Every structure is written in C-alpha cells, then in structure tokens.
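Undergrad: Fold the following for me, if possible:
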Amino acid sequence: MLKWIVPVSRKQGVERESFFEFWRCVHAPHVANLAKPVRYCVTFFDSPGTLGGPPTTDEMPYDGVAELWFRNFEHFNEAFGEDRGGLRGIDGFGDMIEPTTDGLFTTENIIVDSETPEDACKWVAFVKKGDGVTREQLFAAWTDGHSPRVRNNIARAEGRCLRYTTSHANHGAEGGPWDGVAELWYTDADAAAKALPPSDEPGDPFPPLIDAAATVILQGKEIVVVS
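TA: Presented below is the predicted three-dimensional model:
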C-alpha cells in the first residue's frame, strides 16, 4: 500500500478557523471524489508536540497534513497523473496555501493498532536522517530497534496511548526535507503531555541516526474523510 503524506501551510492573512472549515467541508470531499483513495484523512495541528516534557519549540511550520492511501503508484497515477498539482485549484484551496513541496511517498507500518475516538490527540513527528546516514540504515534501526521499544512504552502507558504507526519514505527519489513520519494517538492532549516519551529504553539505535534539531513535532485532531 502506498501512503502519500502532504504537509500543508496556509498563506499569511488566511484566518485559521475558516481555513480548517474550508479544508474539511469543501476541499477534502472534492479530493475524495476525484482521487478515490483507499483511505484518506487530514489532521489539523493546534500546537507543537512534546516528548513527555515541554515543547522544544513554539514554531508551527505546518497547519495540517493530508494523508492518502493508494493500492500502488498505478492507482495513484490513475487518480492524479502528472497533474496532481491541479487538484489544489479545483475549488480555490490552492489560493489559500503555500506551495506543497514537502510531500513524501511512504510505506506505513502499523505497530500498535486500536480504535481512536474523534477527540483523540494525534501526535505527528516529521523525521530527518542525520548526515552520512542512509535511509536503509535509518529504516532498519527504526523498525528493528526503536519501534519495539515504543511499543513496550505504550504497554506501560496505562491506556493513554492508543495507536502508533511509522511511515518510511521509501518510494521515489530522495531529496525532500523528511525521511519518514511517526504518529501516535493519545486519549487527549493532557494524556499526550503526561505519557511516556516514545522511547526511554537504553540501547535504542534510532536516536543517533536522526537529525534531532530538524525534527518537527506537532499535534492536533485527525478527521477521517475516507475510512
């Protein structure tokens, strides 16, 4: 399954709440009808995320993220072809946002799965590999070393964390700002702030391989458009 992740930033002067309402009520249904993805959700960010402590920054480089699942690239190309940029203009959404240049094509890994309520807090980390690290090295450490530790921490989180996935940017050429995305769903924002960090176990091979200073963590609410 191919997962396309597209971070979105609104233009200066576009009011936040009206932007979210337009995206949810107008643009998202248009995308669903045109692209016919297997699954489609959008997440509206409301604050920087944490790693079990205070946020490392107040910056909000993105207002939201769109995630669309396709069977494969053939399915994706049937939906958009080479004119996927035109999708932004079908309803005026493109006039409200900055150019979406940070998208990535990924494979999703579901590590912990559970039903998530509509008011769950969704925590999203955009991950960049460190200098000299290959994507293969990053993904191997993520899958074999880091994710099992996160799963163990979730088991100790007393039900505060409900779901955990990773998405590895292993389709297409490298060159974008992100090499993958980690996502966790918590019962609410308070639970996200109090929950265990994604991994606090010794020997984790993953942290030394990422550019921690470049990592962006945001949180908000997810809206499922196509389930």
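Undergrad: At which residues are the strands of the protein located?
TA: 2-8, 39-48, 64-70, 104-112, 121-127, 161-168, 180-186, 216-226 (DSSP state E).
Undergrad: Return the helix or strand in the protein with minimum mean pLDDT.
TA: helix 189-194 (a mean of 84; mean pLDDT, DSSP states H and E).
Undergrad: Under the pLDDT cut-off, which ranges of the chain? List them.
TA: 51-57, 81-89, 196-201 (pLDDT under 70).
Undergrad: Try it again at 90.
TA: 33-35, 49-59, 77-91, 100-101, 153, 156-159, 172-176, 189-203, 212-213, 215 (pLDDT under 90).
Undergrad: can you put the strands of the chain in CSV and add distance to residue 32 and mean neighbour count?
TA: Every C-beta, even on glycine, is put in place using the N, C-alpha and C of the backbone. Listed next are the strands of the chain as CSV, based on distance: least, C-beta to C-beta, whole Å; neighbours: other C-beta atoms under 10 Å:
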stretch, distance to residue 32, mean neighbour count
strand 2-8, 14, 22
strand 39-48, 6, 19
strand 64-70, 9, 23
strand 104-112, 19, 17
strand 121-127, 19, 23
strand 161-168, 20, 21
strand 180-186, 20, 23
strand 216-226, 5, 19
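Undergrad: Those strands: which one's closest to residue 98?
TA: strand 2-8 (8.0 Å; C-beta to C-beta).
Undergrad: Next, the residues that contact that closest one from outside, please.
TA: The contact list for strand 2-8 (C-beta atoms under 8 Å, 6 or more residues apart in numbering) reads 23, 61-73, 75-76, 97-98, 100, 102-108, 126, 167, 171, 181.
Undergrad: angle of it against strand 180-186?
TA: Relative orientation of strand 2-8 and strand 180-186, computed by axes from the mean of the first three to the mean of the last three C-alpha atoms, to 10 degrees: 80 degrees.
Undergrad: Return the list of strands paired to strand 2-8, each annotated with direction.
TA: Strand 2-8 has its sheet partners listed here by DSSP bridges as strand 64-70 (antiparallel), strand 104-112 (antiparallel).
Undergrad: could these go into TSV alongside distance to residue 206?
TA: Below are the strands paired with strand 2-8 laid out as TSV (distance: least, C-beta to C-beta, whole Å):
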stretch	distance to residue 206
strand 64-70	22
strand 104-112	13
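Undergrad: Only C-alpha atoms, please: export the least confident helix or strand of the chain in PDB.
TA: What follows is helix 189-194, C-alpha atoms only, in PDB (Å, rounded to 0.1, in the frame of the first residue of the first chain):
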ATOM      1  CA  ALA A 189      -3.800  16.400  24.800                       C
ATOM      2  CA  ASP A 190      -3.300  16.000  28.600                       C
ATOM      3  CA  ALA A 191      -2.600  12.400  28.100                       C
ATOM      4  CA  ALA A 192      -0.100  13.200  25.400                       C
ATOM      5  CA  ALA A 193       1.700  15.600  27.700                       C
ATOM      6  CA  LYS A 194       1.900  13.100  30.500                       C
END
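Undergrad: No further queries at this time; thank you.
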